[in-house]
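Q: Okay, sequence plus prediction incoming.
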Amino acid sequence: MTTTEDSECKGDIVTASSYLQEQADLEREAAEVLPGRFDECTFDKGYIRQPLYACLTCTHPPAEYCSSASAKASTKNETLPAGMCYSCSIECHSGHEVIELFTKRSFRCDCGTRRLLPQSESHSTCCSLKKTRTALKKLENAENVYNHNFWGFYCRCDRYYDPDKESREMVLCYVCNDWFHDSCIGAMPKEGEYDDYVCRECVAAHAVLRHINTDKVKRGLVSQEGTVTDIVKCFKDSVSLDCKDTSVNLVQCKESGSSEPGSSEPAAKKARPNPCCLRGDRDGAGAMQQKFDMFLEEGWTSDVCVCTDCTREIEAGKLHFLIKEDDIVEPEEDETRGESLYDSALKQLETMDHTRAIDAALAYRSLSSKLMEFLRPFASNGKVVTNQDIQSFFEQQKDSSS
């Protein structure tokens, strides 16, 4: 008959095979979640296109976001929003409430700057990866652009995004890099019929987008209710062709990188006096008769006009990615991620100098001997070793080494 003590003990038993399997599973999951190295901050690479993260432990949103039923309330004082690189999200904010912002353009890591300083007064360093650069505490990355994403909110409906609860599809705007619920957009082309999406807010803000009128563009006409109800295919017209035929227009010289054949001056710097003849709304967004979203097929950026007016707008609006997209700066691949901790330790041992390698081997031997000595009474008495017993052993080792 099984006693109560035996039944409780069984629930806490950890066999060697199950423990090794559990470790292997944890190592595999870690390799999937954290595939890259995280020993270098991207700050010195400047304003780049990179995966970003925000820490809701070190930054605190305005009251209107704290009161949202979907967000976690904060009773702390409001701070400025801030973003950090992949490495800092792990090395500097481990154990914090970190949210993924996905990829954003032209952003420099804020970790260690005045926007993202340590919350603990006893924490003297700005950033674990930039410990000696305390001057960064006074710096602010002036060219970074922030929005409600940095508090975990997305879409024009301004809802908090919880990946465990969100059932709707999220669609990325190519220009502003905000994400929109498919239900907030409305009618959309079928999957595979478009490659990029541009939201109505970006369309209204940038005339250079509004007058792209080629067979690679579909316009989603927005109804009075605020959702797309009709999708209209665009085609090249005679006005577009006339504009592209002008000698000062840059589309025909785009590949050569100069504004006129034979010119050595870069296209973006060469003055081109003629106004754009594609624009029917020269006065800006107010001339738009109807709001619309844009659904664009692969290669659509080749139809972006780069005449005088459009080039000025591209430069002023920092829309350079319409002409040439920046590469995403991804974390450097960690070649050890696919290895077990044992294999990684052996490789690390091989890189040590002779003295350090001997010290490490002696330390391992000492720990192994102590563990064998600890387990010997269990083997002699036929007693089961529980998870709690193993934890107690390592706690004793910590206390003796401190």
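A: Thanks, I have the structure now. For clarity, every value in this text was computed on a predicted model and none was experimentally measured. Numbering: from 1, shown residues only.

Q: which residues touch the residue lying closest to C111 once chain neighbours are set aside?
A: Of all residues not flanking C111 in the chain, C88 sits nearest, at 3.9 Å (CB to CB, 6 or more residues apart in numbering). In this view, the C-beta of every residue, glycine as well, is placed from N, C-alpha and C. For C88, the contact set (CB atoms under 8 Å, 6 or more residues apart in numbering) comprises 41, 53, 109, 111-112, 127-129.

Q: where does D162 land in three-state SS?
A: coil (DSSP: H, G, I helix; E, B strand; the rest coil).

Q: Quick check: buried residues in the helix or strand where the residue nearest to C111 lies?
A: Assigned by DSSP states H and E, C88 belongs to helix 86-91. Neighbour-count burial for helix 86-91, counted by 16 or more other CB atoms under 10 Å, picks out 86-91.

Q: Repeat that for stretch 160-180.
A: Neighbour counts over stretch 160-180 (16+ other CB under 10 Å) mark 160-161, 170-180 as buried.

Q: quick revisit: just checking, which of the contacts of C88 belong to strands?
A: In strands, defined here by DSSP state E, the members of these are Y53.

Q: For R312, state which of the contacts of C88 is nearest.
A: The nearest member of the contacts of C88 to R312, counting by CB to CB, is C109 at 30.5 Å.

Q: Count the neighbours of that closest one for me.
A: Neighbours of C109 under the rule other CB atoms under 10 Å: 31.

Q: that older thread, average the pLDDT values over the helix holding C88 and round to the nearest integer.
A: Taken as a whole, helix 86-91 has a mean pLDDT of 90.

Q: go on, stretch 276-288?
A: Computed over stretch 276-288, the average pLDDT equals 53.

Q: Just give the nearest non-adjacent residue to M188, would you?
A: The shortest distance from M188 to any non-neighbouring residue, by CB to CB, 6+ apart, is to D182 (6.4 Å).

Q: The one you found and R168 touch, don't they?
A: Yes: between D182 and R168 there is a contact at 5.9 Å, judged by CB atoms under 8 Å.

Q: Show me where the stretch 301-402 of the chain has its helices.
A: Using DSSP state H, counting those that start in this stretch, the helices of the stretch 301-402 of the chain run over residues 308-316, 341-351, 354-381, 387-401.

Q: Show me the buried residues of stretch 160-180 that map onto strands.
A: If you go by DSSP E, these have 160, 170-172, 179-180 in strands.

Q: from those residues, which is closest to E100?
A: Among these, and counting by CB to CB, the member closest to E100 is W179, at 11.3 Å.

Q: what pairs with that closest one across the strands?
A: On DSSP bridges, the residues paired with W179 through beta bridges are L172.

Q: quick one on the thing from earlier: so which of the ones in strands among the buried residues of stretch 160-180 is the closest to D389?
A: Looking across these and measuring by CB to CB, the closest to D389 is Y160, at 43.4 Å.

Q: What distance do you get for the closest one to I99?
A: Using CB to CB, to the nearest Å, Y160 is found at 10 Å from I99.

Q: residues bridging contact with those two, i.e. touching both?
A: When contacts are counted by CB under 8 Å, 6+ apart, Y160 and I99 have G152 as shared neighbours.

Q: From the contacts of C88, pick the one nearest E297.
A: Y53 (31.7 Å).

Q: Let me see the contact set for that closest one.
A: Applying CB under 8 Å, 6+ apart, the residues near Y53 are 83-86, 88-89, 93, 98-101.

Q: Can you report how many residues lie near the residue nearest to M188?
A: As a burial measure, D182 scores 13 neighbours (other CB under 10 Å).

Q: Check the spacing between it and L172 real quick.
A: Taking CB to CB, one finds D182 at 12 Å from L172.

Q: In this structure L136 contacts R115, no?
A: No: contact criterion CB under 8 Å: L136 and R115 do not qualify, at 10.4 Å.

Q: between the two, what contacts are shared?
A: Here L136 and R115 share no contacting residue, scored by CB under 8 Å, 6+ apart.

Q: Helix or strand: which one has G95?
A: Using DSSP H and E, G95 falls outside every helix and strand.

Q: For it, the count of nearby residues, please.
A: By other CB under 10 Å, neighbour count at G95 equals 6.

Q: Quickly note the distance from K216 to C276.
A: 19 Å.

Q: likewise K370?
A: Between K370 and C276 the distance is 78 Å, computed by CB to CB.

Q: More neighbours: those two, which one.
A: A count of neighbours by other CB under 10 Å puts C276 above the other of K370 and C276, at 22 against 14.
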